Each structure stands twice: as C-alpha cells, then as structure tokens.
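> here you go, sequence then predicted model.
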Number of protein chains: 2
Amino acid sequence: MSSHVFDQAIALEPQADGTFTGHTSAAYANMVGPFGGVTAAQVMNAVLLHPQRLGDPVSLTINFAAALSHAPFVIEARAARTNRSTQHWVIEVRQDGETVITATAFTALRRDTWGVDEDAMPVCPPPQDVPMGDGPMPIEWVKRYEMRPVAGAMPTVWDGSGDSSLTQLWLRDNPPRPLDFASLTALADVFFPRVFVRRATLVPIGTVTMTIYFHADASQLAASGMGYLMGQARAQAFRNGYFDHTAQLWSEAGILLATTQQLVYYKN
Amino acid sequence: MSSHVFDQAIALEPQADGTFTGHTSAAYANMVGPFGGVTAAQVMNAVLLHPQRLGDPVSLTINFAAALSHAPFVIEARAARTNRSTQHWVIEVRQDGETVITATAFTALRRDTWGVDEDAMPVCPPPQDVPMGDGPMPIEWVKRYEMRPVAGAMPTVWDGSGDSSLTQLWLRDNPPRPLDFASLTALADVFFPRVFVRRATLVPIGTVTMTIYFHADASQLAASGMGYLMGQARAQAFRNGYFDHTAQLWSEAGILLATTQQLVYYKN
C-alpha cells in the first residue's frame, strides 16, 4: 500500500450500489476548491478500479460543472458500451445530490502497430540544470509538484507585457512517484493558466473542460518511472470569457506520452 | 424552412418524453455508416433545439461508441447542471436500445472581454485560386463539401512516402450554406485521416472521440456567412492503434472560429 500523498488523495471506497465515494484532498487544495488535476485523477481512478473495466485508458474528457466543496463526493462510472476490445464510459461526480463533474472516458486493449511521434520533444537543458520555478501565488497543490520551467515561466512582474503563452517545463510529482495513468491525468492539468503568461496579468480563471489522449500504454508509463516529464502548453485563442490551450507531455527519454487540450473561463 | 441538404440531414423530431428522434442521411454516407461530422451536428442540434438550453455552444465532446446503422436513432440530451450563465449537457444516442454515441457539451452566455487569437491563419492563396482536391476514395459525404487543399492534399500515389501529416485547406458546404454552430460542428470533422497523409498508405480507420471548442459566438459565425473556412490539421502521435490530431478553423477573414482535437483508431 503506497503512502504517497497522491495515492491518499485519489483513494476511493467502492459502495454496494456500484458507485464510489471519495473526498477532496487538503494536500491538493487550490485557491477555491481542489486542484482540478486531482479531481480528474479521481474520476480516472473510478474507471481504473471498476470491476467491469476492459483495457487501459486511451482518452478522458472531464467537465468541471461546479466548484467542488472540500467535502465527500460520490462517483458513478457506467460502462455505456462494451465492444470486443474497447469500452466507453460515462462518469458523473455528485456532492449533496448535485452534479459537479461530468466526464466520458474510452478504454481499450491496445496492440502493436506502425507508429511515429510527429511532435518531437523540444530541445532543452536537462532537468537537473533547470532551477525550480515559482507559482503565480502560494497554493497548496503547487507544492506537490516539482516544476522546472525552461521557457514561459510565470511572470515576475505583472505589467501586462506578455506576448506569447508558450510554456515548456520539466515536471514530476513531489516527492517523486512512479508514473501511472492516474498521476499522468493529474500532471496533464499542472500548466498555469495561459492567460497569466500571455498577459502578465492575474485575472480570475477556472477550467471548464479538459481532454487527455493517452498515447502511452501501461508499460511505457512504467518505463518513465520517477523520471521527469517535459510539458509544453500553448493557447490558441482567447475570446469573450474563454481561452483554450493544447499541451504535450513527453517522458524524459522523449516519448510523447499524452496530449491534452483544455478550455478555461477567464474574467476581464 | 431551409431546404439545404445539411438541414434535412440534421433534422430532429422532439418526442413527448423529452428525447429527439432522427435518422442517418444517405447524402452524408461514409464508407461504413454515416459521416461522423453530421452525427456530431445531430448531437449538437439536440442541445440547440432543447427547450431548457441556456446560452450558445462553447465546447462539445462526442465519443463514437459503435458504428451507426443507416436507420433511425434516439437522442437524449440532459442538462446535468445549470448555473447562472453556463450549462453542462450529457447526451446519449441509441439505436435499437443500444448506446452508439456518448457526448458532453457546454453552453454559456458570453460577454465581451479582452481577447487575442494566438494562432494566426496560415498565409496562403485565396480560395478561388486553389483547385478542388480529391478525396482518398469516392464517398458520398465528401461531395457535400467544397475542399481546396493548399498543403497536405491526399496522396495521389500510395507508396508509403509521406513524412508530415499537416494539411491546410479551404472548405465550405457544397452547395454553400450560411455558417452556424451545427454546420461548424460538422466542418470540424472533414479532415481526412492523418494516417493517410503521413504514411501515403490506406489503412482501416475510425474516429473514436472528437472535441470542439467554439471560440466564435453566433454573430461571428453569421459574419462568416457562406464564405470559406481555412482548415488546418496535424497529428501529434501515432501509436499502437490510435493517432490524434489537432485542428483549427479560421473564417476567410482570418478569425479563429474553432479549435478541435480528435483520436482515431487505425489498423496496421
């Protein structure tokens, strides 16, 4: 039984009716409510722990419908369609009977095929040569990750001077923890809001929806072990209250493990 | 009442129990089953027509759980969470009582904010100077779109010689039709499978999941009218049976209307 703080945070209790119960984690607290990456990992974990699961995660979409309270919740994961080697999941998280998260996931038995990473890892100095970066403000969950920005770190002066939202950084759990589908799900959400980087201005924000495609299988994640990941994120558009970003996560050895996209609400 | 073939294809009948019924369209037939873009537009239309809808579409994720038969279907769209100015939808499509599609959508009342398109439209010749392209094979739905590839057209020789999956093309409905959320949803899925372009090899494929972020509001779509869109798509990784792509759709005037991402099954 792992005693890593992340495993404690995503632990779920199976219930007699097939649902799971869980609780938000003080160790991964955000400004308001919990860090969305850990909520996504909890949702993923409900599928991973489900007795009917077929295969490993290939995609996950999570929609943040309301701010979670620091309180218990119920997760219902339903296998909406099971094919020969693939399965589609519909997931809902409720607090006090109200829906706070909706999600869908796709799991599959994968087999060897031709393949290529079209997106190569950016050339950058090794993680041990890159100093730790600071978050935009003191937040509990940020302490649970080692982040070493190579480009596009948080502005140190908030003067509205930004001209690009591109960030590249080395990252891993703090303390280090062997990579798996749950931790990769959370790591896909560690990128600070692109609007902070692009504008060098702090505005209220909140992720609305996030999608992750898992290109790696369990053995490739295991091979990544406790090594760093190279994460890269860039916004495509900021418009009328919402911006998006696309992001990539490579293993330290340069294998593209996951790609992800999210849409974020912003004010002003 | 529009008599455009697209409007006929996405027409839905509201039922007494709050669901909608629809039918696949022979005009948008794919190799097997219907064109996924029109299925996505039908799903979007169930939200657009729903009496409880609040605001306009901002995001949509659709999961293709099984090949649709050329037959009637039932769509159930449920407002899982309604906030002051935002709403989260869970949608399911069934044929003969079996789930064939799962989806989630997010709608919102948008307001003016600071904004910028970080992804600029690629510089390319105007649509009238670019000849029509061919599809990889004769398929009915392809005739419903005008596609003028600027870069990364379908290979003419299938010799395994490809080295990039990037495609840029002008596109619009054929015959032209004023742009709206439903037609933009379908247009987000017109990109031919990236594996064909990257490998110059035809292999069996099928989209598993697609996510669309609508950066434009209804007035910006209306301003695009019957003009062309510039579409750009590129894969990030091909691995063990699944590849992804990210794509952008700009108005002819260069406004980024939507960004989209999909995961596609492939064989070999």
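Happy to help now that I have it.
> kindly report the residues of the stretch 101-250 of chain A close to chain B.
Within the stretch 101-250 of chain A, the residues that sit near chain B (Cβ under 8 Å from any Cβ of the partner chain) are A:102-104, A:106, A:108, A:110-119, A:164-165, A:198-199, A:208-209, A:211, A:213, A:215-217, A:234-242, A:244, A:246, A:248. (Glycine included, C-beta is placed from N, CA and C.)
> go through these and flag which are in helices.
With helices taken from DSSP state H, the overlap with these comprises A:198-199.
> now which of the residues of the stretch 101-250 of chain A next to chain B would you call buried?
A:102-104, A:106, A:108, A:110, A:113-114, A:117-119, A:165, A:198-199, A:208-209, A:211, A:213, A:215-217, A:234-242, A:244, A:246, A:248 (16 or more other Cβ atoms under 10 Å in any protein chain shown).
> bridged to the closest residue to A:Arg94 other than its chain neighbours, which residues?
Distances taken as Cβ to Cβ, 6 or more residues apart in numbering or on different chains place A:Val74 nearest to A:Arg94, at 5.0 Å, with adjacent residues excluded. With DSSP bridges as the criterion, A:Val74 is bridged to A:Thr21, A:Arg94.
> by mean pLDDT, which helix or strand of chain A comes out lowest?
Every helix and strand in chain A was compared by mean pLDDT, DSSP states H and E; the lowest is helix A:194-199, with a mean of 93.
> ok so A:Leu221 is a helix residue?
Yes. Assigned with DSSP: H, G, I helix; E, B strand; the rest coil, A:Leu221 falls within a helix.
> next one: it from A:Phe191, what distance?
19 Å (Cβ to Cβ, to the nearest Å).
> for A:Asp112, same thing?
Counting by Cβ to Cβ, the gap from A:Asp112 to A:Phe191 is 31 Å.
> next one: A:Arg81
32 Å.
> of these two, which one has the most company?
A:Phe191 (25 against 21; other Cβ atoms under 10 Å in any protein chain shown).
> quick check: phi and psi at that one.
Main-chain torsions, A:Phe191, degrees, to the nearest 10: phi -70, psi 130.
> shaky segments in chain A?
Applying pLDDT under 70 to chain A picks out residues A:1-2.
> so where's the longest helix in it?
Max-length helix for chain A by DSSP H is helix A:36-48.
> and the next helix or strand after it with helix A:36-48, angle?
In the C-terminal direction, the helix or strand that comes right after helix A:36-48 (DSSP states H and E) is strand A:56-64. Angle of strand A:56-64 versus helix A:36-48, following axes from the mean of the first three to the mean of the last three Cα atoms, to 10 degrees, is 130 degrees.
> what lines up beside strand A:56-64 in the sheet?
According to DSSP bridges, strand A:56-64 has these partners: strand A:98-108 (antiparallel), strand A:205-214 (antiparallel).
> return the longest one as CSV; C-alpha atoms alone will do.
Yep, that's strand A:98-108 we're talking about. C-alpha atoms of strand A:98-108 as CSV (Å, rounded to 0.1, in the frame of the first residue of the first chain):
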residue,chain,number,x,y,z
GLU,A,98,-25.9,17.9,-7.2
THR,A,99,-23.8,17.1,-10.3
VAL,A,100,-20.4,18.8,-10.0
ILE,A,101,-18.5,16.9,-12.7
THR,A,102,-19.5,15.1,-15.9
ALA,A,103,-17.0,13.0,-17.8
THR,A,104,-16.5,10.4,-20.5
ALA,A,105,-13.7,8.0,-21.0
PHE,A,106,-12.5,5.4,-23.5
THR,A,107,-10.5,2.3,-22.6
ALA,A,108,-9.1,-0.3,-25.0
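> stretch A:217-232: which residues count as buried?
A:217, A:220-221, A:224, A:228-232.
> take those residues and keep only those in strands.
Mapping these onto strands (DSSP state E) picks out A:229-232.
> re earlier: for the least confident helix or strand of chain A, which helices and strands make contact with it?
strand A:229-239, strand A:242-251, strand A:256-266 (3 or more Cβ pairs under 8 Å, 6 or more residues apart in numbering or on different chains; DSSP states H and E).
> quick check on A:Trp141: phi, psi?
According to degrees, to the nearest 10, A:Trp141 has phi -60, psi -30.
> report the contact partners of it.
A:27-30, A:34-35, A:37-38 (Cβ atoms under 8 Å, 6 or more residues apart in numbering or on different chains).
> show me which of the residues you listed is closest to B:Pro136.
A:Gly37 (38.9 Å; Cβ to Cβ).
> show me what contacts that closest one?
So A:Gly37 contacts A:28, A:141, A:185-190 (Cβ under 8 Å, 6+ apart).
> buried stuff in stretch A:122-130?
For stretch A:122-130, by 16+ other Cβ under 10 Å, it's A:124, A:127, A:130.
> same list (the residues you listed) but as a markdown table, adding secondary structure.
What follows is the buried residues of stretch A:122-130, written out as a markdown table (three-state DSSP):
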| residue | secondary structure |
| --- | --- |
| A:Cys124 | coil |
| A:Pro127 | helix |
| A:Val130 | coil |
